[in-house]
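S.K.: What would the 3D arrangement of this be:
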Amino acid sequence: MGGAALHLGPFEQPGPGWSLESLYVAHSPGRVGETAVTVGSCKIELQIPACASLKDKRRVVKSLKERVQARFSVAIAEVDHLDAWQRATLGVACVSNDSRLVDATLTKVVRWIELSGEAVLLDYEIDLVTH
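M.R.: This is a model prediction of the structure:
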């Protein structure tokens with residue numbers, strides 16, 4: 001079974017004579033006609049020089065997160081430097097059946113944050129995994 005996860009839809013019921021093994025085989029990756037799923041993650045390191053307190057930083061980070069999420073339909077969270085006034089690390093995730101779309105979306109998120117003027121982009125890293 002190799003660690004594959006089984007997900008039945010809300011109306012999908014196994015029929016008579018089903019077995020757990022047959023469901024895993026039917027839903028295993030690499031089967032003919034199965035669509036690949038690409039999961040992209042991006043780690044973004046920021047400096048926020050205008051912040052003089054954690055309250056200032058949280059306001060800026062919250063604003064960036066809300067606008068990125070609304071504009072690009074991605075998941076985003078602050079993942080490191082939570083107690084540093086002028087530093088933030090954001091994690092961004094995107095899922096699609098098109099790896100080029102995932103890569104382009106995450107690249108656009110990075111560029112948008114960089115051009116927003118609210119923070120200085122120190123570094124970023126994009127990783128794609130296709131299943």
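
S.K.: This protein: helices as residue ranges?
M.R.: Using DSSP state H, the helices found in the chain span residues 20-26, 54-72, 99-116.

S.K.: List the buried residues for the last one?
M.R.: In other words, helix 99-116. S99, V102, D103, T105, L106, V109, V110, I113 (16 or more other CB atoms under 10 Å). From N, CA and C alone the C-beta is placed, and that goes for glycine too.

S.K.: Counting by contacts, list what it packs against.
M.R.: strand 38-47, helix 54-72, strand 87-96, strand 120-130 (3 or more CB pairs under 8 Å, 6 or more residues apart in numbering; DSSP states H and E).

S.K.: any idea how far S99 is from D123?
M.R.: To D123, S99 is 23 Å away according to CB to CB, to the nearest Å.

S.K.: and what of A93?
M.R.: 18 Å.

S.K.: try H131
M.R.: 27 Å.

S.K.: Kindly report the same for A36.
M.R.: 29 Å.

S.K.: Settle it for me: which of the two has more neighbours?
M.R.: Shown here are A36 and D123; by other CB atoms under 10 Å, A36 has more neighbours (12 against 9).

S.K.: So what does the more buried one have for phi and psi?
M.R.: Main-chain torsions, A36, degrees, to the nearest 10: phi -80, psi 150.

S.K.: hang on, it packs against D98?
M.R.: No: with contacts counted by CB atoms under 8 Å, A36 stays clear of D98, the gap being 9.0 Å.

S.K.: which one is Q47 nearest to, not counting chain neighbours?
M.R.: V120 (4.4 Å; CB to CB, 6 or more residues apart in numbering).

S.K.: pLDDT score for the one you found?
M.R.: Listed pLDDT for V120 reads 97.
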